[in-house]
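In: can you look at this prediction? I've put the sequence above it.
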Amino acid sequence: MAVKKKSSGWGGYREGAGRKAQFEEPADRTIRFERAELEALDEIAAEQGTTAGEVIRNLIAGYLRRRRK
């Protein structure tokens, strides 16, 4: 069977294409919250125009900076 060549020019590897890495060494952790806490967190994230994950990461980073002082 012959391989059909794409005529559109779309697809394939392109230097610099794709989502950029957010973290140097990503790691995951599952955390459980009360539903009301998550709803409040989602509201805060929406007000700030960001994600709940980003809000949590910022809060943790601030906490860790204060602890190191």
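Out: Thanks, I have it.
In: list the contacts of the helix or strand that residue 54 is a member of.
Out: Here residue 54, judged by DSSP states H and E, is contained in helix 52-68. Helix 52-68 is contacted from outside by 38, 41-42, 44-45, 48, using Cβ atoms under 8 Å, 6 or more residues apart in numbering. (C-beta placed from N, C-alpha, C; glycine too.)
In: now those: which count as buried?
Out: For the contacts of helix 52-68, a neighbour count by 16 or more other Cβ atoms under 10 Å gives the buried set as 41, 45.
In: need the max-distance pair from the contacts of helix 52-68.
Out: Greatest spacing in the contacts of helix 52-68, by Cβ to Cβ: 38 and 48 (15.6 Å).
In: so, low pLDDT: which residues of this protein?
Out: Residue ranges of the chain with pLDDT under 70: 1-9, 11.
In: can you give me the helices for it?
Out: For the chain, the helices defined by DSSP state H cover 35-48, 52-68.
In: residue 28 is nearest to which of those helices?
Out: Taking Cβ to Cβ, helix 52-68 is the member of these nearest to residue 28, at 10.9 Å.
In: dump that closest one to CSV, keeping only the CA atoms.
Out: What follows is helix 52-68, C-alpha atoms only, in CSV (Å, rounded to 0.1, in the frame of the first residue of the first chain):
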residue,chain,number,x,y,z
ALA,A,52,-6.8,26.9,40.8
GLY,A,53,-3.5,25.0,40.5
GLU,A,54,-1.6,28.2,40.0
VAL,A,55,-3.3,29.8,43.0
ILE,A,56,-2.3,26.8,45.1
ARG,A,57,1.3,26.8,43.8
ASN,A,58,1.6,30.5,44.6
LEU,A,59,0.2,30.0,48.1
ILE,A,60,2.6,27.2,48.8
ALA,A,61,5.6,29.1,47.4
GLY,A,62,4.8,32.0,49.6
TYR,A,63,4.4,29.8,52.7
LEU,A,64,7.8,28.1,52.0
ARG,A,65,9.5,31.4,51.5
ARG,A,66,8.2,32.7,54.9
ARG,A,67,9.2,29.4,56.6
ARG,A,68,12.8,29.7,55.3
